[in-house]
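Novice: sequence unavailable; structure follows:
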């Protein structure tokens, strides 16, 4: 018999070391830290725009208003990152007469709530949406309008990617419903690489009414659908006409009432055998926008080389 009988609840393997076990120390709550102070004359409700490309586009836009700029301390990574990086942003701010303050990187992390700020944050007034689709159509000028309309797209990363694609592929604006939709937040601006600051974006209270307004202006409404849902391949449709491409949520697509308001359905054909894999809404939107751009810039017959 052992000289040190183990307690009845202890296992043989643990009894050898049970007398030396220490109870776990309680986890200490993090010490509260006051939020970093804002630069002088910046209101508490200021909108944040962060990231080198997003802030650069903001500063290049002569119609934008910027209260101040916060740059990461020189003790951080070198300012030559991203092809000119922070030094170029600072030069743009000085040219615009925007006040620049230095912040510790940790303070920028807290300001952006962990966003990928790349060492630069701009403080701006609230984002100003167009209240209807007419401003987007006027912005097309003499060109046939090309507009993207989102219904139920709630991910700001997808919104930002679609705004970016719309801008670089020749679109004239994006329309968002006021409810049940992602809005232009700092994350969306970062994903758009600043395209939100130069592309008209409308926020409408009644999406069906906005669709009716577009129809009255002879804009064809095309509902983007997955393969097998009665869509026409994008290259078989005339996208040189005034066009609005409607994109729905990845889970449920367009709402039935929205889909019924459309003139037709458009799809990106995909090869079979991918076990349900498909493009996400941002990628599908980019493909459809590229096809519209291709058609609109296609050389006239006899001029191809």
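Specialist: In hand now; what should we look at? As the structure is a prediction and not an experimental result, all values here were calculated from the model.
Novice: which pLDDT value goes with the closest residue in space to residue 44 that isn't next to it in sequence?
Specialist: In space, and not counting its chain neighbours, residue 44 is closest to residue 38: 7.0 Å by C-beta to C-beta, 6 or more residues apart in numbering. C-beta here means a position set from N, CA and C on the backbone, and glycine is covered the same way. At residue 38, the pLDDT value in this model is 84.
Novice: and residue 38, how many neighbours does it have?
Specialist: By other C-beta atoms under 10 Å, 16 other residues sit near residue 38.
Novice: pLDDT weak spots in the stretch 1-150 of the chain?
Specialist: Low-confidence segments of the stretch 1-150 of the chain (pLDDT under 70): 1-35, 74-84.
Novice: please enumerate the helices of it.
Specialist: Here the stretch 1-150 of the chain has its helices, by DSSP state H, counting those that start in this stretch, at 12-15, 52-60, 85-96, 105-111, 134-139.
Novice: so which of these comes closest to residue 286?
Specialist: helix 52-60 (17.4 Å; C-beta to C-beta).
Novice: report the buried residues of that closest one.
Specialist: By neighbour count with 16 or more other C-beta atoms under 10 Å, helix 52-60 contains the buried residues 52, 53, 54, 55, 56, 57, 58, 59.
Novice: check contacts around the fourth one.
Specialist: The contact partners of residue 55, taken as C-beta atoms under 8 Å, 6 or more residues apart in numbering, are 49, 69, 89, 120, 121, 122, 194.
Novice: next one: it from residue 179, what distance?
Specialist: Going from residue 55 to residue 179 by C-beta to C-beta, to the nearest Å gives 29 Å.
Novice: name the SS class of the most centrally placed residue in the chain, please.
Specialist: For the chain, residue 160 is the residue whose C-alpha lies nearest the centre (C-alpha atoms, centre = their mean; 2.0 Å). With DSSP: H, G, I helix; E, B strand; the rest coil as the basis, the three-state label of residue 160 is helix.
Novice: residues contacting it?
Specialist: Listed by C-beta under 8 Å, 6+ apart, the contact set of residue 160 reads 187, 188, 189, 190, 191, 192, 193, 195, 196.
Novice: and these, which is closest to residue 202?
Specialist: residue 196 (12.5 Å).
Novice: need the contact list for the closest one.
Specialist: Residue 196 sits next to 54, 127, 160, 163, 184, 188, 189 when contact means C-beta under 8 Å, 6+ apart.
Novice: try 7 Å
Specialist: Residues near residue 196 by C-beta atoms under 7 Å, 6 or more residues apart in numbering: 163, 184, 188, 189.
Novice: as CSV, those residues with distance to residue 229 and pLDDT would be great.
Specialist: Listed next are the contacts of residue 196 as CSV, based on distance: C-beta to C-beta, whole Å; pLDDT from 0 to 100:
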residue, distance to residue 229, pLDDT
163, 25, 98
184, 30, 95
188, 28, 94
189, 32, 94
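Novice: inside helices: which ones of these?
Specialist: Of the contacts of residue 196, the ones assigned to helices by DSSP state H are 163, 188, 189.
Novice: selecting buried members of the residues you listed in PyMOL, what would you type?
Specialist: PyMOL command restricting the ones in helices among the contacts of residue 196 to the buried ones, with burial defined by 16+ other C-beta under 10 Å:
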select buried, resi 163+188+189
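Novice: for the chain, give the helix that spans the most residues.
Specialist: Identified as the longest helix of the chain according to DSSP H is helix 281-296.
Novice: thanks a lot, see you next time.
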